[in-house]
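In: based on what follows, work out the 3D shape:
(one chain, ligands or ions: 1)
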Amino acid sequence: MTLHLTDVTLTYPDGDARLTALDHVTLDVPRGTLTAVVGPSGSGKSSLLAVAATLITPDSGTVTIDGTTVTDLSRNDQAALRRRSIGIVFQQPNLLPALTAAEQLQVMAVIDGRSPAAARRRAVDLLDAVGMAAQADRRPHQLSGGQRQRVNIARAIMNAPTVLLIDEPTSALDHERGATIIDLIAQLTHQQATATILVTHDRTHLTAADQITEVRDGRLLATTPVAR
Ligand SMILES: Nc1ncnc2c1ncn2[C@@H]1O[C@H](COP(=O)(O)OP(=O)(O)OP(=O)(O)O)[C@@H](O)[C@H]1O
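Out: Got it, this is the predicted structure:
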């Protein structure tokens with residue numbers, strides 16, 4: 001298993017008490033598969049992503065990525081692992097206004113120690129893979145919302161992560177553009193062999209997933225494969 005959450009419990013301070021956001025959650029996401037996470041507002045979906053992303057350390061339980069127990073690593077080692085092995089896509093594409101689409105991607109690889117020429121080649125290839133080759137030299141203000149989200153997704157896979165974590169990527173898009181982005185995520189998951197978790201409110205997105213997991217009050221109700 002590429003991404004493995006075992007018996008994860010996470011609480012937040014809540015006045016004098018603690019609020020349980022994740023309650024003994026166990027989830028396996030194999031490489032090359034897309035897991036959709038659905039559930040009502042406040043059920044713990046974003047918390048689950050944040051724990052998988054090593055952004056929050058759970059109270060108990062473990063997260064392993066490619067056999068490494070990331071919950072045991074130091075904050076520095078977690079940051080290094082995030083840079084190399086985890087791609088994260090949030091609701092709003094937080095692109096840097098001064099950089100072109102290609103440069104948004106190149107920065108990621110150069111920070112990770114790759115040569116600028118190699119970074120440029122991979123950036124151009126990935127922009128092509130997300131249908132953005134013609135816009136490689138445009139800055140964010142010259143792109144539509146859907147195009148910005150495509151660049152955001154390409155940037156998340158720039159360093160060839162094994163894990164891809166995506167939170168409501170279509171919330172700022174109309175239905176049709178949203179559906180195209182979800183299809184793109186499914187396609188990249190299979191092509192790039194990432195273990196992908198997609199948090200979504202939109203049940204029409206579920207057909208693109210390989211498995212669906214329902215969260216309610218911090219608990220996983222069931223994880224079911226999608227019949228094809
Ligand atoms: N930083 C925080 N401090 C305290 N409580 C928090 C914090 N973040 C989230 N919570 C609480 O934890 C629970 C789970 O929140 P979470 O954001 O994971 O839910 P969600 O399913 O992603 O919700 P939504 O669909 O509205 O984004 C909620 O009750 C929320 O109020």
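
In: okay, helices next: where are they in the chain?
Out: Ranges of helices within the chain are 45-52, 75-85, 101-111, 116-129, 145-156, 175-192, based on DSSP state H.

In: dump these into CSV; add distance to the ligand and mean neighbour count as well.
Out: From N, CA and C alone the C-beta is placed, and that goes for glycine too. Formatted as CSV, those follow (distance: least, C-beta to the nearest ligand atom, whole Å; neighbours: other C-beta atoms under 10 Å):
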stretch, distance to the ligand, mean neighbour count
helix 45-52, 3, 23
helix 75-85, 18, 15
helix 101-111, 25, 21
helix 116-129, 28, 17
helix 145-156, 18, 24
helix 175-192, 16, 18
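
In: can you list these in CSV and add mean pLDDT?
Out: CSV is the format used below for those (pLDDT from 0 to 100):
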stretch, mean pLDDT
helix 45-52, 96
helix 75-85, 93
helix 101-111, 92
helix 116-129, 93
helix 145-156, 92
helix 175-192, 89
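
In: now the ones you listed in a markdown table, with distance to L22?
Out: Output for the helices of the chain, formatted as a markdown table (distance: least, C-beta to C-beta, whole Å):
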| stretch | distance to L22 |
| --- | --- |
| helix 45-52 | 5 |
| helix 75-85 | 18 |
| helix 101-111 | 29 |
| helix 116-129 | 32 |
| helix 145-156 | 23 |
| helix 175-192 | 23 |
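
In: quick one, which of the ones you listed gets closest to A222.
Out: helix 45-52 (14.8 Å; C-beta to C-beta).

In: run through who's touching the closest one.
Out: 3, 5, 8, 10, 21-22, 25, 27, 37-39, 56-58, 63, 88, 163, 165, 167, 197, 199, 215, 218 (C-beta atoms under 8 Å, 6 or more residues apart in numbering).

In: please check these and keep the buried ones.
Out: Buried members of those, counted by 16 or more other C-beta atoms under 10 Å: 3, 5, 8, 10, 21-22, 25, 27, 37-39, 56, 58, 63, 88, 163, 165, 167, 197, 199, 215, 218.

In: return only those of these found close to the ligand.
Out: A21, G39 (C-beta under 6 Å from any ligand atom).
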